[in-house]
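K.L.:
starting from these lines, generate the structure:
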Amino acid sequence: MFICMAAVAGIGFLIKYTLISGRESWIVYGDKVDLYFLGIYRHEWGTIHLIIGFVLLALVALHVILHWKLIVSLYNRMFQGKLVRRIITVVFIAICALFIIVPFLIKPDVVKIEHGRGRHTTIDNISTNKKSSKANTNKNKRLKNFRKKRNRQH
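P.N.:
Residues are numbered from 1 along each chain as shown. Coordinates of the predicted model:
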C-alpha cells in the first residue's frame, strides 16, 4: 500500500513539474513540444497514475475490511456516547459519498476552441483582448504565406 501511495505521489509530481503542460512547455522550451519520460508521453503517465490510484483504493478497502474489528473497537473507545458516534458516522459517510458521487454529476462548460486561440483562452480573453486577436490574425497570415510558398516548391 505504501508503494502505491509513493507511486501515485511520484507520478503526480512527474506530471506536474517535469512533464509540464503545453502552455508551460511553450514558455520553458520556446516551442510546442511533446515531453516523454521512459518513452511514455505525459497523458499516458496520467493513465498510469489513475490505474495505480485505483489499485491503492482497492488496497485501502481490503485493509479496512481486514482490520474492521480493530477499527470499531478504537472508534468506540474514542467516542463514548452512542449519539456522538452515530452523528460522526453519518457526517463521515456523507462527506465520503459527496467526494465519490459529485464528480459524476458535474456537467463541464463546453467552449469551442477557435483556430489559433489555444486551449487556455477564456471567453473573457476572447472578447476583451483585441491586441492578442490582431497578433493571432498576423500569425495566421504568416502561416498561410508559408504554406503557399511551400506548396509552390512541391
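K.L.:
quick one: mean pLDDT over the helix or strand hosting Arg77.
P.N.:
Here Arg77 sits within helix 68-78, counting by DSSP states H and E. On average, the pLDDT along helix 68-78 is 91.
K.L.:
tell me the secondary structure of Pro108, please.
P.N.:
Under DSSP: H, G, I helix; E, B strand; the rest coil, Pro108 falls in the coil class.
K.L.:
what number of residues lie near Ile19?
P.N.:
Not Ile; residue 19 is Leu. 21 (other CB atoms under 10 Å). C-betas here are computed from N, CA, C, even on glycine.
K.L.:
surely it touches Glu44?
P.N.:
No - Leu19 is beyond contact range of Glu44, at 9.8 Å (criterion: CB atoms under 8 Å).
K.L.:
now the strands for this structure?
P.N.:
In the chain, the strands defined using DSSP state E lie at 36-37, 40-41.
K.L.:
Ile93: which of these is closest?
P.N.:
Of all the strands of the chain, strand 40-41 sits nearest to Ile93, with 37.8 Å by CB to CB.
K.L.:
the residue nearest to Ile48 when sequence neighbours are not counted and Leu38, how far apart?
P.N.:
Distances taken as CB to CB, 6 or more residues apart in numbering put Ile11 closest to Ile48, at 6.2 Å, once the chain neighbours are dropped. Plainly put, Ile11 is 11 Å away from Leu38 if you go by CB to CB, to the nearest Å.
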